[in-house]
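In: Okay, structure incoming, though there's no sequence with it:
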């Protein structure tokens, strides 16, 4: 883009920059994360299986289940980044829409719109894949409940 085109499309250029930043951050989360210490997968799966076993035994014996405890997750760097990436993408979308409204060059505004949308979709697909993997893990644990209960 020439300098006059950049001066005539400040919102579209901001949309491209924000969208690119959000896309970079989303891909950084996927490929380089998690950044905080995570518990061992085996320990986590063992705790899930143990809790399921204890709940099943209480149900068989007719005992009441304990009150559910709600644990509020802490705002660590992983959660901040998972929130920041789509937020920056949404800002990029808003800037691109503003560029369209201000009748800035359509190619620049469309580029900002596409990059910002791509950044948001990467995050949404990541979360969907993680949910599907978690459900598959729980199904696997439930199918092997007889060996877990002993």
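Out: On my side now, so go ahead. Not measured: the values here are computed from a predicted model. Residues are numbered from 1 along each chain as shown.
In: what about the longest helix in this protein?
Out: helix 106-143 (DSSP state H).
In: Output the contacting helices and strands for it.
Out: Secondary-structure packing of helix 106-143 (3 or more Cβ pairs under 8 Å, 6 or more residues apart in numbering; DSSP states H and E): helix 10-32, helix 41-61, helix 77-101. In this view, the C-beta of every residue, glycine as well, is placed from N, C-alpha and C.
In: Pipe these into TSV and attach mean neighbour count, distance to residue 111 and mean pLDDT per row.
Out: Formatted as TSV, those follow (neighbours: other Cβ atoms under 10 Å; distance: least, Cβ to Cβ, whole Å; pLDDT from 0 to 100):
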stretch	mean neighbour count	distance to residue 111	mean pLDDT
helix 10-32	19	6	93
helix 41-61	12	40	80
helix 77-101	18	8	94
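In: For residue 108, find the nearest of those helices.
Out: For the helices and strands packed on helix 106-143, the distance to residue 108 is smallest for helix 10-32, at 3.6 Å, taking Cβ to Cβ.
In: and that closest one, what other elements does it pack with?
Out: helix 77-101, helix 106-143.
In: For these, give me a markdown table that also has distance to residue 23.
Out: Shown next, in a markdown table, are the helices and strands packed on helix 10-32 (distance: least, Cβ to Cβ, whole Å):
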| stretch | distance to residue 23 |
| --- | --- |
| helix 77-101 | 8 |
| helix 106-143 | 4 |
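In: Those helices: which one's closest to residue 62?
Out: So among the helices and strands packed on helix 10-32, helix 106-143 is nearest, using Cβ to Cβ, at 21.2 Å.
In: buried sites along the closest one?
Out: Buried positions in helix 106-143, judged by neighbour count with 16 or more other Cβ atoms under 10 Å: 108-109, 111-113, 115-120, 122-123, 126.
In: Confidence-wise, which of these comes last?
Out: Of all those, residue 126 has the smallest pLDDT value, namely 87.
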